[in-house]
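In: Show me the folded form of this:
(chains A and B)
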Amino acid sequence: MGEAKATAPNVGSAKAAPAKPAPAAKPAVSHGEAKGVGPTAAELAAIQAPMTRREFLNYAFLGSLGIFLVTLGGAFFVFALPRFGEGEFGGMFTLGAADAIIPPAADAPRANTSARAWIANTDKGVLALYNVCVHLGCLYAWMDVTDRFECPCHGSQYQKDGTYITGPAPRSLDRFAIRFTDANGTVLAETDAHGDPLPIPSPDAILVVDTGKIIQGASHG
Amino acid sequence: MGLFNRQVKKKPENGQSSLEGNGHPANGDAQTQPPLPDDNGAELFDVKTAPTLSERLGDAARTRSPHAIKALMPWLDKARSSPEGRAEFIDKTKEVAWVQADNTVRAISAGMGIADTRAFFRGDPPIEKPNPRYKVHVNAFFAHLRPKYYEKASTKFSHTFALGYLSLYMFMLETITGVILMVFYTPSDRRAYEDIIKIMSEIPYGQLMRDLHRVGAELMVLIVVLHMTRVFLTGSFKPPARGFTWLTGVVLLILTFALSFSGYLLPWDQLAYWAVTIGTSMAKSVPPKEIVGYFSNLIMRGGDTINQNGLLRFYLMHVFALPAITLVLISVHYYRVARTHGISLPAADEEDPDPAVRKAAKERIDYLPELFTRELLWAAITTFLVVVYSAFVFHAPLQEHSNPLHTPLHTTAPWYFLWIQGLLKDAFVLPAIRALDQLLIAIANMFGANLGEGATIIVPFYDSPAWMGVIIPTMIIPALFLGVPYINEWWEKFWGSKPSRQLLKNRKGTVVVAILSTVFMLVIWYQGTPFFGVTAPPAIEIGQAFLPEEGVLPPVPLVPDDWGPLRRLGYANLPDGEYDLADYATPKATYTEFERILAGIQQEIIKRGQEWERGDKVRGLPNPSGTLKIEQWQPNGLKRIDLVITWDKGIVTPTDTGQYVRTVFLHQDARY
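Out: Alright, predicted model coming up:
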């Protein structure tokens, strides 16, 4: 890189600077590009010398220090990971009876802030949509005027069932797995692996949202 | 080197006689010591009596008085006896006092005597030789950081615009104001917002400190970017040895962004909360998303949304980790500039065919006192401007308390991240991939594949936030790292072109690259603003224009945020009442400012009605009308403003209610 040849105009000491002779008598210091020669015999001997025990132990020592630092980094990572307590977002949320909680099929979806979900009733059944935009984490909202979900940050839009319409979002909205139980807790109906809408089994069935199970929306489906 | 050459006088070898009595014949030489030359045995006849108090005091004065007084003592007797002696004593006193004063000044100035100190301030050349100002560079810590002299042409203001110096100035300003703000700030989700309010309203000069911190932060980003642009345009990244300095500069640019962004969350208002949510969501899409993206987001936020953990993490990054790293890198960066290669000369001077010009460019200019004075002057001017600007023009914005359950409309990143936000709206690549997809589907259908509407082939493989938020911005960084100094070096070798730093001589390609990248940055910066790509329903847009939910950040630096015309008019100028906007359809010259705003809203409503009739179902409204209601909501200074916009219901969509209400509460002491 020519570091050795770099002129350092501001550095020289005051006394020596005016008539400082260039150190011309040191050709071996440059990287050989000027003369086109390789390393000197002494350099060659040093490079080709066999590894001594001290050299090996030094490398081993440095290597173990490196491993230690990497381990320390790993420990720091584990240390910095957040811990989640019981009953926080990520668990089950029992919302209540279907006829009280779920809007009629023709109506706008309802927001549920504790479960962070929009409860949407479509022709095919009920969905609990995770209320975070799959683009960059803003909270989208239902717009009565345009009859769709719109994100206020970057303009992604979704249909009532979470299907992607337009905007920079990579996929349709994510949804939570839901289930309907009766008063005794017996499961009447449960979301399948695809997260398809779940028809309401009976008006007094209780809606439970499993916020720990997020089913990703289809990519631009 | 008078300061360091003081000779330590050795004690006489014979030491004290009391040693002889302790029974230790420690050193045989001590016994063979010859008598002292002035010891003529007279003391044998002296009768030793206990010294009187005055004698003891006199002895103490002679032996223990300061060096300078001791030096005068031999002249004291003469001064007592004769007038000549007095004159001699006065002369001697002057001499000794001068030496004392001169030595004191040398100690304080770290190397310059009284005469040289005056010459320093008078602007005269140094008096002693060797130049005692260079001694200061050796003796004093802060002076040792600076070079003794610069090459004259490299100090031209029009060559560097002092941008590197100003970057460091801004870092110092941020450190000082930041520490003062830290005194009153608690990084807790329950107290942070309250503390900011307190800083702004109760603490003397608190608002000024916060504004200075904010102005300094914006200026720091601006100046660092300009500094980098300057170095690029003058070719100052070119060899010898400047490549690595550029590299540390790129890291410092990233650190400046990180410092600025990490401070964004701390006020804990809506602006902070959602801008940082967007920022950390970008990290979520770092591929592979399920591992790197997931964990980096979790580590930064300290949870799946930003909460107390996230605030504390950002606070620690902002006040400790990032400043520490930045300080280390500033040191490396500056050391290389000061010691390894110096500031580049202007290319035109350095490459001038006339050797006299080249020689004149390399003429020396001492740091002390010329450049030092110049730097002090720049610091003073900058401080003055920054303080005046933050005291009278710019106030750091503060929106409502953060609300994790509601994202305000038109949330934007700060202006220096708008280019990433523009990329994230993905106006080029996604439409292109869509079009390509349609083409592929058409071709597939030609061959009988029978793909219907909604079918996709390649679009699902394209992850927009990963590419636009992470991969492309990260690719820009190695491009800056390697691209600029190292590819440049390779390029010149490859083409065998004469390495020149003059822009219009041998660097025409550089000019083209610079213009193209500036245009590209401006385009994506524009796309980042709310004017592009984010449309809310028309009634909400009207509400947003006249009564925004929160202050709207301008897309440019150092301009205050805008809270819309009604709030700008102020609490005192909003008369209570219910105003049917249809009455203000035709503006009159006699209107008050308030009425002019009403007319403005009505114009916008009429425009939306006309757009509907023209067939624009997205931006238009069927038969719209509006009402503005202003009520005294609380007797002591709170007004409620409702902007109600109604239109024919059930036409736009079946569920459409045909009404939109934007409600805002305005306190008489509100700053907006």
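
In: separation between the closest residue to chain A within the stretch 351-500 of chain B and B:A442?
Out: Residue nearest to chain A within the stretch 351-500 of chain B (Cβ to the nearest Cβ): B:P460, separated by 3.6 Å. C-betas here are computed from N, CA, C, even on glycine. The gap separating B:P460 from B:A442 is 18 Å, by Cβ to Cβ, to the nearest Å.

In: neighbour count winner among the two?
Out: Ranked by neighbour count (other Cβ atoms under 10 Å in any protein chain shown), B:P460 and B:A442 place B:P460 first, with 14 against 11.

In: Quick check, that one in contact with A:G217.
Out: No - judged on Cβ atoms under 8 Å, B:P460 makes no contact with A:G217 at a distance of 11.2 Å.

In: Helix or strand: which one has A:W142?
Out: strand A:141-143 (DSSP states H and E).

In: residues in contact with that strand?
Out: Applying Cβ atoms under 8 Å, 6 or more residues apart in numbering or on different chains, the contact partners of strand A:141-143 are A:108-109, A:111, A:118, A:148-150, A:152, B:407, B:536-537, B:540.

In: State the three-state secondary structure for the residue of the stretch 51-200 of chain B found nearest chain A.
Out: Going by Cβ to the nearest Cβ, chain A is nearest to B:P147 of the stretch 51-200 of chain B, at 3.5 Å. Following DSSP: H, G, I helix; E, B strand; the rest coil, B:P147 is assigned to coil.

In: Look up how far B:L368 lies from it.
Out: 10 Å.

In: swap in B:P465?
Out: Relative to B:L368, and taking Cβ to Cβ, B:P465 is found at 54 Å.

In: ok, the residue of the stretch 51-200 of chain B closest to chain A - how many residues close by?
Out: Neighbour tally, B:P147, other Cβ under 10 Å: 21.

In: cool, and B:D669?
Out: 8.

In: measure it to chain A for me?
Out: B:D669 is 29 Å from chain A, where distance means Cβ to the nearest Cβ, to the nearest Å.

In: same question, B:F257
Out: 18 Å.

In: Stretch B:318-333: which residues count as buried?
Out: Of the residues in stretch B:318-333, B:318-319, B:322-323, B:325-326, B:329-330, B:333 count as buried by neighbour count, 16 or more other Cβ atoms under 10 Å in any protein chain shown.

In: Same check on stretch B:243-256?
Out: Within stretch B:243-256, the residues scored as buried using 16+ other Cβ under 10 Å are B:243-253, B:255-256.

In: How about stretch A:160-171?
Out: Buried-residue list, stretch A:160-171, by 16+ other Cβ under 10 Å: A:160-164, A:167-171.

In: Then stretch A:167-186?
Out: The neighbour-count criterion (16+ other Cβ under 10 Å) identifies A:167-181 as the buried residues of stretch A:167-186.

In: what pairs with the helix or strand just after the strand holding A:W142, and is each one parallel or antiparallel?
Out: Using DSSP H and E, the helix or strand that follows strand A:141-143 in sequence is strand A:148-150. Take DSSP bridges as the rule and strand A:148-150 pairs in its sheet with strand A:141-143 (antiparallel), strand A:157-158 (antiparallel).

In: Show me what the shortest one is in contact with.
Out: Counting by Cβ under 8 Å, 6+ apart, the neighbours of strand A:157-158 from elsewhere in the structure are A:140, A:146, A:148-151, A:164-167, A:169, A:172-173.

In: Give the other helices and strands that the longest strand anywhere in chain A contacts.
Out: Secondary structure of chain A read by DSSP state E shows that its longest strand is strand A:206-215. Under the contact criterion of 3 or more Cβ pairs under 8 Å, 6 or more residues apart in numbering or on different chains; DSSP states H and E, strand A:206-215 touches strand A:92-97, helix A:98-101, strand A:117-122, strand A:125-130, strand A:175-181.

In: Can you give me every residue that contacts B:Q668?
Out: So B:Q668 contacts B:571-572, B:637-639 (Cβ under 8 Å, 6+ apart).

In: Tell me which entries of these lie within strands.
Out: The strands, defined by DSSP E, take in B:638-639 from those.

In: Would you mind listing where chain A has pLDDT under the threshold?
Out: The model of chain A has pLDDT under 70 over residues A:1-36, A:85-88, A:220-221.

In: Apply 80 and report the result again.
Out: A:1-37, A:83-91, A:145, A:168, A:219-221 (pLDDT under 80).

In: residues in contact with the residue minimising distance to the centre of chain A?
Out: Nearest to the geometric centre of chain A sits A:L136, at 10.6 Å (Cα atoms, centre = their mean). Neighbouring residues of A:L136 by Cβ under 8 Å, 6+ apart: A:153-154, B:277-278, B:281-282, B:424, B:465, B:469.

In: if we go to 10 Å?
Out: The contact partners of A:L136, by Cβ atoms under 10 Å, 6 or more residues apart in numbering or on different chains, come to A:151, A:153-154, A:156, A:168-169, B:274, B:277-282, B:284-285, B:411, B:421, B:424, B:464-465, B:469.

In: Count the neighbours of the residue of the stretch 251-400 of chain B found nearest chain A for me.
Out: As assessed by Cβ to the nearest Cβ, chain A sits closest to B:S281 within the stretch 251-400 of chain B, at 3.6 Å. Using other Cβ under 10 Å, B:S281 has 23 neighbouring residues.

In: So it sits against B:P465, correct?
Out: Yes - judged on Cβ atoms under 10 Å, B:S281 makes contact with B:P465 at a distance of 7.4 Å.

In: A:F56 is nearest to which of the helices and strands packed on strand A:206-215?
Out: Ranking the helices and strands packed on strand A:206-215 by their distance to A:F56 (criterion: Cβ to Cβ) puts strand A:125-130 first, at 56.4 Å.

In: check whether that closest one contacts chain B.
Out: No - judged by Cβ under 10 Å from any Cβ of the partner chain, strand A:125-130 and chain B are separated, with a smallest distance of 10.7 Å.

In: Going by contacts, tell me the helices and strands next to that strand.
Out: Judged by 3 or more Cβ pairs under 10 Å, 6 or more residues apart in numbering or on different chains; DSSP states H and E, the packing partners of strand A:125-130 are strand A:117-122, strand A:175-181, strand A:206-215.

In: coming back round to it: include mean neighbour count when you put the strands paired with strand A:148-150 into JSON lines, please.
Out: As requested, those are exported to JSON lines (neighbours: other Cβ atoms under 10 Å in any protein chain shown):
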{"stretch": "strand A:141-143", "mean neighbour count": "19"}
{"stretch": "strand A:157-158", "mean neighbour count": "21"}
